[in-house]
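[1] Here is a sequence with its predicted model. Questions after.
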Amino acid sequence: MSTLVIVESPTKARTIRNYLPKDYRVEASMGHVRDLPQSASEIPANVKGETWAQLGVNVDADFEPVYVVPKDKKKIVSQLKEALKDVDELILATDEDREGESISWHLYQLLKPKVPTKRMVFHEITQDAIKKALKNCRSIDEQLVRAQETRRILDRLVGYTLSPLLWKKIAWGLSAGRVQSVAVRLLVTKERQRRAFHEGTYWDLKASLVQEKAPFSSQLVTLGGTKIANGSDFDAATGQITAGRNVLLLNEDQAVALKERLTGKTWSVTDIEERPVTRKPAPPFTTSTLQQESNRKLRLSARDTMRIAQNLYEQGYITYMRTDSVHLSDQAIAAARSCVEKLYGQQYLSPQPRQYTTKSKGAQEAHEAIRPAGSTFRTPQETGLGGRELAVYDLIWKRTVACQMADSRQTQISVQLQVEDAGFRSSGKRIDFPGYLRAYVEGSDDPEAALEDQEVILPKLKVGDHPNCTELEAVGHETQPPARYTEATLVKTLESEGIGRPSTYASIIGTIIDKGYTQLVSNALIPTFTAFAVTDLLEKHFPDIVDPSFTSKMEQTLDDIAEGEAAWLPYLREFYLGEKGLETLVRERENQIDATKARTVELENLDAKVRIGKYGPYIEVENGDTVITASIPKDLTPADLDPKQVEVLLRQKTTGPDQLGRHPETGEPIYVKIGAYGPYVQLGDKSDENPKPKQASLPKGVTPETVTLDMAVGLLALPRTLGVHPVTGGKIQASLGRFGPYVVHDQGKEGKDYRSLKAADNVLTISLERALELLSEPKKGRNSTNSKSKAALRELGTHPEDGELINIYDGPYGPYIKHGKTNVSIPEGQSVEDISLSAALKLLATKASTAKSTRKTSKSTSSRSKSTTKASTTTAKKTVAKKNDAEG
């Protein structure tokens, strides 16, 4: 008896094949094989004339979805049908969550198997897990499928109903979504708070003291019995002390005067308090907490974290990575406790096994936390992994092992000191027993180093002691605006508010970045002016769509549908077609929304208007009978746009750009200008004879106010030729690029070898010797990993000619498609998710034909022109605009 097993990916297929009987054949569906139409070209001819055709959902017939097989999946479906002809049994072994159940259901509907069909689920790919799963196969869970289908339909209704409205009223290509629009509003709300923030200033004293040669520090906390004001006492909206606070606010003069008065006076210890504290280890990872901690510790995006975790799961290193549960099986607890005893000793083991319970009612994905796979846990060193895969596995291993370790016992120490009428406080912390902190400290890569950082040791003090003050310093402080969201804090907020599901957060955050609603700068998510305009429109006309509590209730209803506690059809009817349904609201409000107002962002304390234009945001100011406009640079955030910045941008338009001076050789003027991509210098004036004057961006850290004429001349002269390589004779140059300053070695046929400059290097003065030194160092990409262990961003499938895998990887210059030894960059303007297998095959074919034509150049000039024509034609075809998928 032969059996066909279908999973989602080739990696998973390769791993699971090792644990199945020899007569079992494993094939990959490459994810979803059927979905709602993604573009007008995919809409079936028999429904194209229907009013609801663009939605892909027949809202007039009980919201019946129209499913189609995408072009790049038709061959896969045919191959699976062919494979099914030769077997006696079909096993659908897609992932165990709702999405996996949905894939299995779609496969069953498409393949229409005439042989017995089973559904096999497992949360880890190990021999024991697969053996157990084979014995416990079940049928497809129709209720779970219906719950997933309802979510899919709901997301489509929201996205495809609101997005066209945004195209008409604000700008083409924008999208709205059930979860993404709430996420964008959270970012915008935080940025509004930053705009409304008023800085407050306060002063205090810091003392350096010594007791029996042991130094410690102390902070001023009271004066004359009144508490000294600190940052928490200020009203962020006014920059003043919050009304009703009985505190003393010191200015600089008062702080300096107090310092002078207390200098040389006797210090006395008046009180010592020691308080024992017990800290318990955090539960093992869920999807959400893994994303948060990976972002904090490893600076990985939620999307990258999930891609790496997916790869680790499919290779059999960890359990299933989409889960809301913190539960651990008895087998996992035993494995973790074994690791603790072996690596740290019996005293570090918790007295009783720890079992965690999931608090969230909506916990609905897999039934166990994310942990190392198997009945024994491989240490990170034993896995053979490298790069980011090793880092993520290490994180999961440490967190799982730590959860079965003993509590950390600490002592918090507070010492009160008095000098005349001023009260000071010293705070210390002693770790009496590190417990689980030996293995895992949240937010730290090195537990041992983190333990040292956590301890604040005070000397042995007793009441009545008179420590010696060696230095007394007046210190000024400014209150800080609310911190912007990072991916970690946004994920935490979304989960705590019950918005969306953790398994979707990675794609949601990816979408709002890709769609231009936010920029990721130094790990902070900064909303754009477009995000402000879209949020303003939705708040005014469709407030429920961006209301966190409404979205949370919607999520709860969807969970109730999954549990069979609510009916899906009445809910969809009410939401979309009801008296206050989305379709009704859009129809009523469309004509009420003024497009000019919708494209205008109203900012407090700013007379200038901010508008969203075809080429991005710009400011507009009336100047008599004329209107002056100026583009807003991409690095100028909504919170930082103030009247002074507006004046700088407009002055360039009214009085012309600032002139630094004239070029010492050509005599041409050199200007400092500000464009859409930030400040830059320009040589000469634009004219018919000189339509494109030479320009150079200012390096990071250099502003229009600090750039000098000499620096501008140097920047405009880039790239600088430093000399030739002593071995290859190739030219070595220094220049400034998209990712900052660099040196490059032209190796001829071998291509160009790049190295980024270090912080201490200057692109305008770097020598040939220093460049050679940098070029001799091993190359480090932004996400450098060993090629053997490098995680694919996406697995597209196998090449029809040779059967080799076609994957998308992250490289130093962005994502690229790899097949064998052929690499090709993803076209500008397209994301990783946009690329299908058929699109990848075309790009690889174009690259191959271009390479062949290059090799033939020496033989024939005519063949060169033909190849170029062919390549340009192919390029023109592949740059056809693709309709935006406006869901999520």
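    The structure has been received and is ready for your questions. Residues are numbered from 1 along each chain as shown.

[2] Average pLDDT for the helix or strand harbouring Ala840, rounded please.
    Ala840 is part of helix 837-855 when elements are defined by DSSP states H and E. Averaged over helix 837-855, pLDDT sits at 73.

[3] repeat for stretch 428-446
    pLDDT averaged over stretch 428-446 gives 81.

[4] List the buried residues in it.
    428, 430-431, 434-441, 444 (16 or more other CB atoms under 10 Å). Yep, even glycine has a C-beta here, placed from its N, CA and C like the rest.

[5] got it, and stretch 819-834?
    819, 822, 824, 826, 830, 832.

[6] quick one: it to chain centroid distance?
    With CA atoms, centre = their mean, to the nearest Å as the basis, stretch 819-834 stands 20 Å off its chain's centre.

[7] Convert the C-alpha atoms of that stretch to CSV, please.
    Provided in CSV are the C-alpha atoms of stretch 819-834 (Å, rounded to 0.1, in the frame of the first residue of the first chain):
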residue,chain,number,x,y,z
HIS,A,819,18.7,29.1,-8.2
GLY,A,820,21.9,27.1,-8.1
LYS,A,821,24.7,29.6,-8.8
THR,A,822,22.4,32.2,-10.4
ASN,A,823,21.3,35.1,-8.3
VAL,A,824,19.0,37.9,-9.4
SER,A,825,17.7,40.9,-7.4
ILE,A,826,14.0,41.5,-6.8
PRO,A,827,12.9,44.3,-9.1
GLU,A,828,12.6,47.7,-7.4
GLY,A,829,9.1,48.4,-6.1
GLN,A,830,8.3,44.7,-5.5
SER,A,831,8.3,43.0,-2.1
VAL,A,832,9.3,39.4,-1.3
GLU,A,833,5.6,38.5,-1.0
ASP,A,834,4.9,39.8,-4.6
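
[8] and the two most separated of the buried residues of stretch 428-446?
    For those, the maximum inter-member distance is 24.4 Å, found between Gly428 and Ala439 (CB to CB).

[9] Just confirm Tyr505 contacts Leu494, I think it does.
    Yes - using CB atoms under 8 Å, Tyr505 makes contact with Leu494 at a distance of 6.1 Å.

[10] follow-up on the earlier one: flag the least confident of the buried residues of stretch 819-834.
    On pLDDT alone, Gln830 ranks lowest of these, at 71.

[11] In three-state terms, label that residue for me.
    Put simply, Gln830 is coil when judged by DSSP: H, G, I helix; E, B strand; the rest coil.

[12] Flag every buried residue along the biggest helix by length in the chain.
    With secondary structure taken from DSSP state H, the chain has its longest helix at helix 142-169. Residues 144-166, 169 are the ones in helix 142-169 that count as buried (16+ other CB under 10 Å).

[13] quick one, strands of the stretch 251-400 of the chain?
    Ranges of strands within the stretch 251-400 of the chain are 268-279, based on DSSP state E, counting those that start in this stretch.

[14] what about it, any weak spots by pLDDT?
    359-366 (pLDDT under 70).

[15] Now do the same contact list for Ser375.
    By CB atoms under 8 Å, 6 or more residues apart in numbering, Ser375 lies in contact with 126, 128, 331, 334-335.

[16] And it, how far from Val763?
    Ser375 is 55 Å from Val763, where distance means CB to CB, to the nearest Å.

[17] do Gln645 as well
    Taking CB to CB, one finds Gln645 at 27 Å from Val763.

[18] Between those two, tell me which one has more neighbours.
    The neighbour comparison of Gln645 against Val763 (other CB atoms under 10 Å) goes to Val763, with 20 against 17.

[19] Count the neighbours of the nearest residue to the more buried one once chain neighbours are set aside for me.
    Spatial nearest neighbour of Val763, chain neighbours left out: Pro741 (3.7 Å); criterion: CB to CB, 6 or more residues apart in numbering. When neighbours are counted by other CB under 10 Å, Pro741 registers 19.

[20] Thr584 too?
    Per other CB under 10 Å, the neighbour tally for Thr584 reads 13.

[21] mind listing the strands in the stretch 701-850 of the chain by residue range?
    Counting by DSSP E, counting those that start in this stretch, the strands of the stretch 701-850 of the chain are 720-724, 731-737, 740-746, 752-756, 794-798, 805-811, 814-819, 822-825.

[22] Quick one: closest of those to Leu577.
    That would be, of those and by CB to CB, strand 794-798, which comes in at 36.8 Å.

[23] just checking, what packs against the closest one?
    Applying 3 or more CB pairs under 8 Å, 6 or more residues apart in numbering; DSSP states H and E, one finds that strand 794-798 makes contact with helix 10-17, strand 805-811, helix 837-855.

[24] Include distance to Thr584 and mean neighbour count when you put these into CSV, please.
    Converted to CSV, these look like this (distance: least, CB to CB, whole Å; neighbours: other CB atoms under 10 Å):
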stretch, distance to Thr584, mean neighbour count
helix 10-17, 44, 20
strand 805-811, 42, 20
helix 837-855, 38, 16
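
[25] Just the closest of the contacts of Ser375 to Tyr615, please.
    Nearest to Tyr615 among those: Thr126, at 53.9 Å, using CB to CB.

[26] Quickly note the distance from the closest one to Arg378.
    Thr126 is 11 Å from Arg378, by CB to CB.

[27] do the same with Thr150
    In terms of CB to CB, Thr150 sits 40 Å off from Arg378.

[28] and stretch 764-781, which residues are buried?
    764, 766, 768, 770-772, 774-775.

[29] cool, stretch 116-125 as well?
    Quick answer for stretch 116-125 (16+ other CB under 10 Å): 117-125.

[30] mind listing which of these are in strands?
    117-119 (DSSP state E).

[31] Ser9 against Val26, yeah?
    No - between Ser9 and Val26 there is no contact under CB under 8 Å: 10.9 Å.

[32] For stretch 339-353, measure first residue to last.
    13 Å (CA to CA, to the nearest Å).

[33] Enumerate the positions of that stretch that are buried.
    The neighbour-count check on stretch 339-353 (16+ other CB under 10 Å) flags 339-340, 344, 348-350 as buried.

[34] State the distance from the residue nearest the centre of the chain to His106.
    Nearest to the mean C-alpha position of the chain, by CA atoms, centre = their mean, lies Ser301 at 3.3 Å. Remark: distance between Ser301 and His106 (CB to CB) = 29 Å.

[35] Repeat that for Gly723.
    61 Å.

[36] same thing with Arg299?
    Distance, Arg299 to His106, by CB to CB: 37 Å.

[37] can you check Asp685 too?
    Separation of Asp685 from His106 (CB to CB): 62 Å.

[38] any low-confidence regions in the stretch 451-600 of the chain?
    In the stretch 451-600 of the chain, residues with pLDDT under 70: 451-453.

[39] Now do the strands in it.
    So, for the stretch 451-600 of the chain - with DSSP E, counting those that start in this stretch - the strands run 468-478, 518-521, 524-527, 600-601.

[40] So what touches stretch 322-331?
    Under the contact criterion CB under 8 Å, 6+ apart, stretch 322-331 has outside partners 95, 97, 99, 123, 283-284, 286-288, 306, 336, 355-358, 360, 362-371, 375, 400, 403, 501-503.

[41] Out of those, name the ones that lie in helices.
    99, 287-288, 306, 336, 400, 502-503.

[42] Quickly check these for the two that are furthest apart.
    Glu99 and Ala336 (28.5 Å).
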